[in-house]
Structures are given as structure tokens and as C-alpha cells.
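Visitor: From the sequence below, what's the structure:
(one chain, ligands or ions: 2)
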Amino acid sequence: MPFLEIKSLEKRFGNVDVLKGIDLAIEEGGFLVLVGPSGCGKSTLLNTIAGLETITAGEIHINGRKVNDLHPSERDIAMVFQSYALYPNMTVAQNIAFGMEIKGVPKPERDKAVNDVSETLQIKHLLDRKPSQLSGGQRQRVAMGRALVRRPLVFLFDEPLSNLDAKLRVDMRTEIKRLHQSMKTTIVYVTHDQIEAMTLASRIAVLKDGILQQFGTPAEIYNHPSNMFVADFMGSPA
Ligand code: ADP
Ligand code: MG
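Guide: Ligands and ions are numbered 1, 2, ... in the order given. Model (predicted):
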């Protein structure tokens, strides 16, 4: 049974159809990448999974539970955005621990979680710094740390690397891949970068104008694109 399942999902803003009947599924521990041109509905789809947007029709299931009507906080997901808003007056450690503090997690447990996560992300030496003292890549790691300590069922990433320079993007891509392999968590990752999609995904969903063009493994999508759009977009051999 798929861990995350999306059935006939539709989303309309006013009288504009943004998602026009999306069917997708990903197994536990899978890495689903949503890819497509700007404005095709990637963020909207991610936001409906997170519960940040209501849906017009269809169903979303996470871990066997229909979540259509659940508040974001009840869905057990964590989201990392492209602009990572860290609290400027808090240290890195405080930023990472903040969500746990709100939830009432005791201090020793919080400290251990911050320690473990910062080790995984290799940011232990930065724990006492303020966000203004960090580079873009370091801030992105802290943002990830903040999401990771929550140990969510599903991780949602919305173009988390698009504000970073090319070299750092490649490093962080490797980092995310390593994290996924070590944590075995289920990920839905949005990007408009085909190479990022090909290197990270266990499954790729190609979207255009709110319609799913193809859903398959990176090799299937690349070698057997279902139409000209997918072939062009993914740079498949002619
Ligand atoms: P992507 O992330 O693929 O670039 P989005 O999901 O952000 O695309 O947007 C898809 C379409 O939905 C765009 O045409 C956008 O203008 C529209 N849209 C997104 N959010 C809203 C909203 N809150 N109200 C109206 N239209 C929206
Ligand atoms: Mg977007």
C-alpha cells in the first residue's frame, strides 16, 4: 500500500483550475520529485498535501489515513521552503529546538535531538551562532535541521535549493540524498531543475498546466517520455 496517495486531486482558485485531476502515489521511504515549468501547479500541489491549501475535489491519504480535512498540524508532515525564515534573534540551536519547545518537549530531550540532528547535518560547530553569521548553505541546513527534529511522516520540500549558487546546490543535493538514505523518510520534493529531479528521485511526476504528464522512475521518464513535452523538458535523447 502506498504511504502517500493522491487521488483525482483538483484545486481551483476562483474560476481558475490550477490542478486538474492529479493521481500520484509513493511508497514509504520513497523520494517523489514534482517537476515542471514555473506556474504549472507544483507549489499548490505541495501545499494541498501540507494542508496549507484546501482542495476542491479528490482525496489525499497519508499512511492509510484520509487527511483532506485535517489541519496541517495534524498531518505529521514538515515543510522546507526556498526562503528559510530563521528567527534572527535566536541561535542556531534555539532555532532548531523552537518547535519542540512549543510542543513541551523536556529540555534534555530537546538538547539530544538538536545534538543528533546537527551531527547529521554537520552544523555542530554553528550551534551558538545567529542566522546573520551564517552562509546561505548553512542557513538552509539549519532550516532542514528544524524540520528534521520533528521526525515527520513525510517531508515536503519546495525548491529548497533554488536560492543557492550552483556549486552549493550540487553539494546540498548530495547532502539531501545522503540524509534521505540514512533516515529512510518519505519525501516529496518540488523543483524546476531536471538534473536535480533525475539525481534525487525514486519517482518523478512531470506536471504541465496542472495536468500530470507522466509519472515514473527517472529512467522511465528519461528513456521513454510519454510525449514531446516530457521529452523536451527532461532533455531526453531525440
Ligand atoms: P509552481 O509552483 O509550479 O510555479 P504554483 O502552484 O505556485 O506554480 O501556481 C500555479 C498557478 O496557480 C499559477 O498560475 C498561480 O498564479 C496560481 N495560484 C497559486 N496560488 C494562488 C492563489 N492563492 N490564488 C490564485 N491563484 C493562485
Ligand atoms: Mg512554486
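Visitor: can you tell me which residues contact Gln94?
Guide: Going by Cβ atoms under 8 Å, 6 or more residues apart in numbering, Gln94 touches Tyr87. C-beta: built from backbone N, CA, C; applies to glycine.
Visitor: before we move on, what SS does it have?
Guide: helix (DSSP: H, G, I helix; E, B strand; the rest coil).
Visitor: Do a quick rundown of the strands in this protein.
Guide: 4-13, 16-26, 31-35, 57-62, 65-66, 77-80, 154-158, 186-191, 203-208, 211-216 (DSSP state E).
Visitor: now those as CSV including mean pLDDT?
Guide: Formatted as CSV, the strands of the chain follow (pLDDT from 0 to 100):
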stretch, mean pLDDT
strand 4-13, 98
strand 16-26, 97
strand 31-35, 98
strand 57-62, 98
strand 65-66, 96
strand 77-80, 86
strand 154-158, 92
strand 186-191, 95
strand 203-208, 97
strand 211-216, 98
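Visitor: Distance to Ile102 for the ones you listed - can I get that in a markdown table?
Guide: A markdown table is the format used below for the strands of the chain (distance: least, Cβ to Cβ, whole Å):
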| stretch | distance to Ile102 |
| --- | --- |
| strand 4-13 | 26 |
| strand 16-26 | 29 |
| strand 31-35 | 29 |
| strand 57-62 | 22 |
| strand 65-66 | 24 |
| strand 77-80 | 14 |
| strand 154-158 | 19 |
| strand 186-191 | 24 |
| strand 203-208 | 33 |
| strand 211-216 | 37 |
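Visitor: could those strands go into JSON lines alongside mean neighbour count?
Guide: Formatted as JSON lines, these follow (neighbours: other Cβ atoms under 10 Å):
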{"stretch": "strand 4-13", "mean neighbour count": "18"}
{"stretch": "strand 16-26", "mean neighbour count": "18"}
{"stretch": "strand 31-35", "mean neighbour count": "25"}
{"stretch": "strand 57-62", "mean neighbour count": "17"}
{"stretch": "strand 65-66", "mean neighbour count": "12"}
{"stretch": "strand 77-80", "mean neighbour count": "22"}
{"stretch": "strand 154-158", "mean neighbour count": "23"}
{"stretch": "strand 186-191", "mean neighbour count": "25"}
{"stretch": "strand 203-208", "mean neighbour count": "23"}
{"stretch": "strand 211-216", "mean neighbour count": "20"}
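Visitor: Select, out of those, the one closest to Leu126.
Guide: Minimum separation from Leu126 across the strands of the chain (Cβ to Cβ) falls at strand 77-80, 17.5 Å.
Visitor: Adjacent strands (with direction) for the closest one?
Guide: strand 154-158 (parallel) (DSSP bridges).
Visitor: Kindly state the pLDDT recorded for the residue nearest to Gly136 when sequence neighbours are not counted?
Guide: Of all residues not flanking Gly136 in the chain, Leu164 sits nearest, at 5.4 Å (Cβ to Cβ, 6 or more residues apart in numbering). At Leu164, the predicted lDDT confidence score is 78.
Visitor: residue contacts, Leu164?
Guide: With Cβ under 8 Å, 6+ apart, Leu164 has these contacts: Gly136, Gly137, Gln140, Met172.
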